[in-house]
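Visitor: after the sequence you'll find the predicted model.
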Amino acid sequence: MRHFLEITDLDVAEIDRVLELAEVDDPPQVLRGSGGVLAFEKPSARTRISMEMATSQLGGHPVTVRNDEIGFDTRESVEDLGRLFSGYGSFIGARVFEHTKLERLASVATVPVLNLLSDESHPIQILADLLTIQQSFGTTEDLTIAWVGDANNVARSLVLAANLCGSRIRVAHPEGFGFTAKTSADVAKAGCVPHLTNDPREAVAGADVVYTDAWYSMGQEAEKARRADAFAAFCVDERLMSLAAPHAIFLHCLPAHRGEEATDEVLDGTQSRIFQQAANRLHSARGLLLFLLGDLRDPPEDGIEP
C-alpha cells in the first residue's frame, strides 16, 4: 500500500509510469464494485470534478463529503475518520488546510491516502502540470521552469518535481513572500537548489515554462489588499512573457484572478495551456489511481498492466 502525500512519494520512474497510465484511453476497471471517499475541508471545483470522474472512469463510485458533514477534529477526530473511510472504499482523497491532517489520516488508514491539496503542498496538481509539459515538449527533463508569484504550496511541489525530473527551476517572489522555513529545509534535504530571485524578469528570461498562481489562497482573502501592492510587479503580462523562450508555454493551476497575477492576453494567448492543464487533472488523477490500485485486479486481457 502506498500513500501520495507529496510528489516525492514517487521516484522519477514512477512519475513516468503515472504519466504513461494517464494516456491510456480504455483503462482497466480496477475500481469496479468499489470506489473512494473524497473528503473536502476546503471547497473545490477542478479537484472534485477530476477525482470523481477519474474514479468513475475506473469503474468505481466516488463519495464526496464536505467538512460540515464530517467535521475534521470537531465532530470526529481525523484518526477516527481515517479508520471509518478505510472501510468504505479503496482509497481516501482529502483536501485540507493543515498538512498534518493528511499525515494523521495516513497513519491509521488501511487504504491509500491521496493529498488533494494542503496548505503545504499540492502534488496531484503537479502531476497534471508534468503531463501538460510532457505533451508540449515530449519530455519533462532538461527544461527551465519559471515560477512567478507567491512561493506557495504549488510552488513547493513544483520545485520538488523539477528536481526529480531533471529540470531547472527558478522562483521569483516579492520580498517577504518566499518559502516557509519548513519548505526551505525540506527542499534542501531533497537536494533541490532552486534559483530564487525577487526579479520576475530574471526568472522568466529564456524559460521553457512560465507558471503563476493566485497571489492569495483560500483563507488569505483578508490579505488581498496588502498582497496586491506587494505583487504588483509580478503580473505575467505580454511584456514579461516575451522574455521567455519563443516556444515557451504558460501555465496556471486556476482559478485565475484575471488582471492580477496574469493578464487576459496571456491567459487566453497562444502560449497558454491552462485549460489543457486543467483537463489533465482528470487524466493524471486516473493515472495515479491506476498506479496505486492497479494490483487490486488481475491484469486485463489487453496486456495493460498498471
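Guide: Yep, it's here.
Visitor: quick one: the strands in the chain, in order.
Guide: Secondary structure of the chain by DSSP state E: the strands cover 35-40, 61-66, 91-95, 113-117, 144-148, 168-172, 195-197, 209-212, 249-252.
Visitor: touching, H99 and L116? I think so.
Guide: No - counting by C-beta atoms under 8 Å, L116 is not a contact partner of H99; they are 11.9 Å apart. C-beta here means a position set from N, CA and C on the backbone, and glycine is covered the same way.
Visitor: so between the two, which is more surrounded?
Guide: Between H99 and L116, counting by other C-beta atoms under 10 Å, L116 is the more crowded of the two (27 against 18).
Visitor: got a list of what the nearest residue to that one once chain neighbours are set aside touches?
Guide: Closest residue to L116 apart from its sequence neighbours, by C-beta to C-beta, 6 or more residues apart in numbering: R95 at 4.0 Å. Residues in contact with R95 (C-beta atoms under 8 Å, 6 or more residues apart in numbering) are L38, A39, F40, E41, K42, S44, T47, L116, L117, S118.
Visitor: quick one: which of those residues is nearest to P200?
Guide: Using C-beta to C-beta, L117 comes nearest to P200 of the contacts of R95, at 24.8 Å.
Visitor: any idea how far S184 is from the closest residue to the closest one other than its chain neighbours?
Guide: Leaving aside its sequence neighbours, L117 sits nearest to R95 (C-beta to C-beta, 6+ apart; 4.7 Å). With distances taken as C-beta to C-beta, to the nearest Å, R95 is found 24 Å from S184.
Visitor: cool, and S77?
Guide: As judged by C-beta to C-beta, S77 and S184 stand 31 Å apart.
Visitor: let me know how buried the closest residue in space to D73 that isn't next to it in sequence is, in neighbour terms.
Guide: Nearest residue to D73, sequence neighbours excluded (C-beta to C-beta, 6+ apart): K101, at 7.7 Å. K101 sits with 20 neighbouring residues when counted by other C-beta under 10 Å.
Visitor: i'd like the first residue to be 21 from this point on
Guide: Got it, the first residue is 21 from now on, which makes the last one we talked about K121.
Visitor: now the helices for this protein?
Guide: In the chain, the helices defined using DSSP state H lie at 32-42, 66-77, 87-90, 98-106, 119-128, 143-157, 173-185, 201-209, 220-224, 244-250, 258-261, 284-287, 294-313.
Visitor: return the second one as PDB; C-alpha atoms alone will do.
Guide: In other words, helix 66-77. Provided in PDB are the C-alpha atoms of helix 66-77 (Å, rounded to 0.1, in the frame of the first residue of the first chain):
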ATOM      1  CA  ARG A  66     -11.300  21.100 -10.600                       C
ATOM      2  CA  THR A  67     -10.200  18.700  -7.800                       C
ATOM      3  CA  ARG A  68     -13.700  17.400  -7.000                       C
ATOM      4  CA  ILE A  69     -14.700  17.000 -10.600                       C
ATOM      5  CA  SER A  70     -11.500  15.400 -11.800                       C
ATOM      6  CA  MET A  71     -11.300  12.900  -8.900                       C
ATOM      7  CA  GLU A  72     -15.000  11.900  -9.200                       C
ATOM      8  CA  MET A  73     -14.700  11.400 -13.000                       C
ATOM      9  CA  ALA A  74     -11.400   9.500 -12.600                       C
ATOM     10  CA  THR A  75     -13.000   7.200 -10.100                       C
ATOM     11  CA  SER A  76     -16.000   6.700 -12.300                       C
ATOM     12  CA  GLN A  77     -13.800   6.000 -15.400                       C
END
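Visitor: for the worst-scoring helix or strand of the chain on mean pLDDT, buried residues please.
Guide: In the chain, no helix or strand scores lower on mean pLDDT, DSSP states H and E than helix 244-250, which sits at a mean of 87. Neighbour-count burial for helix 244-250 flags R247, A250 (criterion: 16 or more other C-beta atoms under 10 Å).
Visitor: under the pLDDT cut-off, which ranges of the chain? List them.
Guide: 238-240, 315-326 (pLDDT under 70).
Visitor: so what are the domain limits for it?
Guide: Domain segmentation of the chain under automatic domain parsing yields 27-142+301-316, 144-298.
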